[in-house]
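> With the sequence up front, the predicted model follows.
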Amino acid sequence: MSRSQQDFVNLLRSAELRITATRLAVLEILYTNPHADTDTVIRKAHAKLGSVSPQAIYNVLAAFVEADLVRRIEPAGSAALYELRVSDNHHHIVCRTCGEAQDVDCAIGQRPCLTPSDNHGYLVDEAEVIYWGVCPKCQKTTYSENADQ
């Protein structure tokens, strides 16, 4: 499903955020580059808009996370990643070699990860699960390099 500029304008309005070229560009970048790190967003925003400061991008991402327009995930040992999929409690699988991340829906039932074996009195509203492995692309590279040795 593609999104139009108007969809992004409506998204900003629904969050009561000002509509700026930088904010629209960041939304478009995250839509076309799910799980982008900050450096990727900065580089693509610069290519799209010309002059834009890294601090402006950091501020936009922070505002989007605070407004629940964007989800920030932080795989251990990796740069923070940003995505637009915020409406559910899904998980991620991350490649140990290249850092690529993909969405993984909860395994069974509706939001099963929100029922811990012992909640210690907490009201649980989110769970983070990150699966780690090696993506198909890196598997091919690794196996072809090992075969050549």
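Ah, there it is.

> how does the chain divide into domains?
Here the domain parsing of the chain from automatic domain parsing is 5-73, 88-148.

> Same list (the ones you listed) but as CSV, adding mean pLDDT, distance to A79 and mean neighbour count.
(Glycine included, C-beta is placed from N, CA and C.) Shown next, in CSV, are the domains of the chain (pLDDT from 0 to 100; distance: least, CB to CB, whole Å; neighbours: other CB atoms under 10 Å):
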stretch, mean pLDDT, distance to A79, mean neighbour count
domain 5-73, 95, 4, 16
domain 88-148, 80, 8, 12
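
> do you know which of these lies nearest L81?
Evaluated over these, closeness to L81 peaks at domain 5-73, with 4.5 Å, by CB to CB.

> End to end on that closest one, go ahead and measure it.
Across domain 5-73, the terminal residues are separated by 25 Å (CA to CA, to the nearest Å).

> repeat for stretch 19-39
Using CA to CA, one end of stretch 19-39 lies 22 Å from the other.

> next one: it to chain centre, how far?
With CA atoms, centre = their mean, to the nearest Å as the basis, stretch 19-39 stands 10 Å off its chain's centre.

> cool, and stretch 95-110?
Centroid separation for stretch 95-110 versus its chain: 11 Å, with CA atoms, centre = their mean.

> returning to that earlier point: please tabulate the domains of the chain in TSV, including the columns distance to A80.
TSV is the format used below for the domains of the chain (distance: least, CB to CB, whole Å):
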stretch	distance to A80
domain 5-73	5
domain 88-148	11
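
> To which secondary structure element type does L61 belong?
Under DSSP: H, G, I helix; E, B strand; the rest coil, L61 falls in the helix class.
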